[in-house]
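Asker: Fold the following.
(one chain, ligands or ions: 1)
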Amino acid sequence: MAKTIHILNGPNLNLLGKRQPEIYGADTLADVETRCATLGGELGLETALFQSNHEGEIVDQIHQARDRAAGIIINAGAYTHTSVAILDALNTFEGSVIEVHISNIHAREAFRHHSYMSARADGVIVGCGVEGYELALRRLATLLA
Ligand code: CA2
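Answerer: Okay, the predicted model is just below:
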């Protein structure tokens, strides 16, 4: 049976492709979902993409991943820089975790330079646009092989 990867997205990422294309590009979250599903098929991985603007819902989705997923790709949006709750939830997940940021958070404002997620992540991909999600999927395929 194919291993499942949960792709978790935080606040405002529902607006991907609809605002600020100079920072986040022209692809929508639905495009990301399609691209990951296609690549996942090639890699023998099933993908399920979620997005929420609410911190507790992201925590709930990580708890669900504990039973259902072999790996997590997480772009927690602005919660990346603030959320001990999401870090604590990730620390309860026993599979592999890759953190993704579409923009290069290190080339932006100082408050974006620190990530609570990185303390748990097995890998971090930043500044590669939405292609970062596909790079993360490839890395998970390697880690889970
Ligand atoms: O670069 C990333 O992927 C971020 O996680 C995106 C977050 C930001 O707070 C992080 O510092 C870096 C913001 C997501 C907002 O997404 C939008 C997408 C399109 C239009 C408006 C917002």
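Asker: in the protein, which spans are strands?
Answerer: With strands called from DSSP state E, the chain shows them at 3-9, 45-51, 71-75, 96-101, 123-126.
Asker: Tell me which of the ones you listed lies nearest to the ligand.
Answerer: strand 96-101 (3.8 Å; C-beta to the nearest ligand atom). Yep, even glycine has a C-beta here, placed from its N, CA and C like the rest.
Asker: Can you list the buried residues in the closest one?
Answerer: 96-101 (16 or more other C-beta atoms under 10 Å).
Asker: Do me a favour and get the end-to-end distance for stretch 98-107?
Answerer: 20 Å (C-alpha to C-alpha, to the nearest Å).
Asker: Which residues outside it are in contact with it?
Answerer: 16, 23-25, 71-76, 80, 112-113, 115, 117-118, 121-130, 132-133, 135-136, 139-140 (C-beta atoms under 8 Å, 6 or more residues apart in numbering).
Asker: Narrow the residues you listed to those that are buried.
Answerer: Applying 16+ other C-beta under 10 Å to the contacts of stretch 98-107 flags 16, 24-25, 71-76, 80, 112, 115, 117, 121, 123-126, 128-130, 132-133, 135-136, 139-140 as buried.
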